[in-house]
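Engineer: Okay, here's the prediction I keep looking at, along with the sequence it came from:
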Amino acid sequence: MLQVCKQQSEHQNPFVGENGVKFLSFTIATGSFDVAFDLLKYYPELASTTVPSPWTPLQFLMLSMRGKRYNFYQRFVYTYVPAEIRNLEDAIKNCGIENQETYQANLVTKSFIYSVMEKFYVKFWKVTLLQVPHIKQLHKDKVNQTLALTILKFICEEIHKLKSNHIEQLYDACLAAMLNDTPEVIELIARICPQLVWARDSQGCSLIGHSIVFRSKYAYNFLMHQVSPDKYFYIAYSYNDGNNLLHLAGKRAFIDDPNGAALQMQRDLQWFQEVSNFVRPEERTVENFEQETPLMLFKKEHKDLRQQGEKWVKNTARSYTVTAAFIFAIALVAALTVPGGNNKDTGKAVDETVLSFIIFAVSDVMSMIISGASLLLFRSFDTARYADEDFLYNLPKSLILGLVMLFMSVATMLIAFSATLYIMFALESSWILILVAAIACLPIALFVTLQLPLLVELISSTYACGTFGKRRELAATS
């Protein structure tokens, strides 16, 4: 159909002009990236045709490339699952006449062994793992992302050829990529149009400034550590309202964190600290046009968030206080009521030398001590001062420690409970031990399932690579 229409006049061809751009935009919006690329291959002028803003193919492409959050397992599978798109790749390599000789030379020099291994690798995925539904979905996501990036590269290269207005279109695309959390888009556009790094909007804000406002850590890392040849150009620059980069970091996050006010406060503090490490000392006390230093702006913007974070931490600690007190009471009663009874003459436990009784005694004492310590720690949150800087490390560390001790107290309490049942009923029937252990695992599994996500999020936000990653890793990828 595209080949037939190509032979028609411009007035009779539905794939040229504004109608062609609208058709291309809706094709991208529906996720038909292979059709969209075929259309661009035959009508490359559609990528740079000027139309009203809602019909821009680049904007529709940005909307379809929203970043997805994957867990560790999903990220691992996504990394290694093959995205084989042979027809599209061949079209890309063959679309330019000047690249034919290079393409043929690459085909000749390509290792035969490598080709065989590659085919075996792809075949293995198709025959085995791609039959699993969730892996099949991850494969589909990767194929769509690869297709979308290919179309994006084609459109950006066509737009870059324009004599005017190309910076504005690519700049808007980068802003959309920051909102969608797709750093590969920003990297691709920056490679095609390096001068975009220095561009500014009507308010005088650059891409690095927008990455701070939108809290786009990947865009910030890429622009600050891999692209920008002179970071101090950004650091010394003031925007139209007198704000510098540290003022922008002092503003509240553009989008609220779904994990709670306390973690959002922590991440805003991490952003403020990160930008503060790069600016010159005198820039940290510079006032904007409203006579506000970056620190003053941060405190004003985060006053309500600090109060919400304080309320969230107190409510969370109080709920865990009830659990810790309950475990402490059970462990104390169990210590006073010795399983198997006491010797009337000596007062010692009858089964004091039995291994199961030793396990009971040790685990019960550990449960009582650890739960008591976590109880005192959770109670201390009621008297904490809750200053802004406390949300960075002090409060998260205390909450992490309390949760870890609570996990340990629950586990040791159930071990003591299982040992007690074994002493009373299973000394002559060892099979009961298997049943008791299985039953005892249920409360632990339930408690871990409900509370472990919060603990993992706290540890990841406080102790992991952090919001910005390691400098060595950033330098290695540049």
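Structural biologist: Yep, that arrived. Numbers count the residues shown, from 1 in each chain.
Engineer: average pLDDT for stretch 388-403?
Structural biologist: The predicted model assigns stretch 388-403 a mean pLDDT of 93.
Engineer: With stretch 136-147 instead?
Structural biologist: Stretch 136-147 comes out with an average pLDDT of 82.
Engineer: Stretch 30-46 now?
Structural biologist: Regarding stretch 30-46, the rounded mean pLDDT is 81.
Engineer: Kindly report the same for stretch 286-306.
Structural biologist: Stretch 286-306 shows a mean pLDDT of 91.
Engineer: Show me what that stretch is in contact with.
Structural biologist: If you take Cβ atoms under 8 Å, 6 or more residues apart in numbering as the criterion, stretch 286-306 is touched by 238, 241-244, 246-247, 249-252, 261, 264-265, 268, 272, 276, 284-285, 386, 388, 391. Yep, even glycine has a C-beta here, placed from its N, CA and C like the rest.
Engineer: Tell me which of those fall in strands.
Structural biologist: In strands, judged by DSSP state E, none of these are found.
Engineer: Packing partners of the strand or helix carrying Leu170?
Structural biologist: If you go by DSSP states H and E, Leu170 is part of helix 166-180. Judged by 3 or more Cβ pairs under 8 Å, 6 or more residues apart in numbering; DSSP states H and E, the packing partners of helix 166-180 are helix 57-63, helix 133-160, helix 183-192, helix 207-213, helix 217-222.
Engineer: so how far is Leu454 from Tyr386?
Structural biologist: Distance, Tyr386 to Leu454, by Cβ to Cβ, to the nearest Å: 19 Å.
Engineer: what about the two, which has more around it?
Structural biologist: The residue with more neighbours, out of Tyr386 and Leu454, is Tyr386; 19 against 16, by other Cβ atoms under 10 Å.
Engineer: of the helices and strands packed on helix 166-180, which approaches Ala199 most closely?
Structural biologist: Set against Ala199 and scored by Cβ to Cβ, the helices and strands packed on helix 166-180 come closest in helix 207-213, at 7.2 Å.
Engineer: so is the residue nearest to Leu395 when sequence neighbours are not counted in a helix, a strand, or just coil?
Structural biologist: Excluding its sequence neighbours, the residue lying closest to Leu395 (Cβ to Cβ, 6 or more residues apart in numbering) is Val313, at 5.9 Å. Under DSSP: H, G, I helix; E, B strand; the rest coil, Val313 falls in the helix class.
Engineer: number of nearby residues for Ser374?
Structural biologist: If you count neighbours by other Cβ under 10 Å, Ser374 ends up with 26.
Engineer: so which strand or helix has it?
Structural biologist: helix 355-379.
Engineer: Other residues contacting the helix holding Leu170?
Structural biologist: Contacts for helix 166-180 (Cβ under 8 Å, 6+ apart): 48, 56, 58-59, 62-63, 65-67, 156, 159-160, 183, 185-186, 189-190, 192-193, 195-196, 199, 201, 207, 210-211, 214, 216, 219.
Engineer: Recalculate using a threshold of 6 Å.
Structural biologist: Here helix 166-180 makes contact (Cβ atoms under 6 Å, 6 or more residues apart in numbering) with 58, 62, 66-67, 159-160, 185-186, 189, 193, 196, 199, 207, 210-211, 214, 216, 219.
Engineer: Which of the contacts of stretch 286-306 are buried? Put it as a ChimeraX command.
Structural biologist: Selection of the buried residues among the contacts of stretch 286-306 in ChimeraX, burial being defined by 16 or more other Cβ atoms under 10 Å:
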select :243,244,246,247,249,250,251,252,261,264,265,268,272,276,386,388,391
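Engineer: who touches the most centrally placed residue in the chain in this structure?
Structural biologist: Nearest to the mean C-alpha position of the chain, by Cα atoms, centre = their mean, lies Arg69 at 5.8 Å. Taking Cβ under 6 Å, 6+ apart, we find Arg69 in contact with no residue.
Engineer: ok so, going back, filter the contacts of helix 166-180 down to the buried ones.
Structural biologist: Buried subset of the contacts of helix 166-180 (neighbour count, 16+ other Cβ under 10 Å): 58, 62, 67, 159-160, 185-186, 189, 193, 196, 207, 210-211, 214, 216, 219.
Engineer: out of these, who's nearest Ser418?
Structural biologist: The closest of these, once distances to Ser418 are taken by Cβ to Cβ, is Gly67, at 45.3 Å.
Engineer: where does the stretch 1-150 of the chain have low pLDDT?
Structural biologist: 1-16, 52-55, 67, 84-130 (pLDDT under 70).
Engineer: how about the helices in it?
Structural biologist: Here the stretch 1-150 of the chain has its helices, by DSSP state H, counting those that start in this stretch, at 2-6, 17-29, 33-42, 57-63, 72-80, 86-94, 100-109, 112-127, 133-160.
Engineer: Which secondary structure elements does the fourth one sit against?
Structural biologist: Helix 57-63 is packed against helix 17-29, helix 166-180, with contacts defined by 3 or more Cβ pairs under 6 Å, 6 or more residues apart in numbering; DSSP states H and E.
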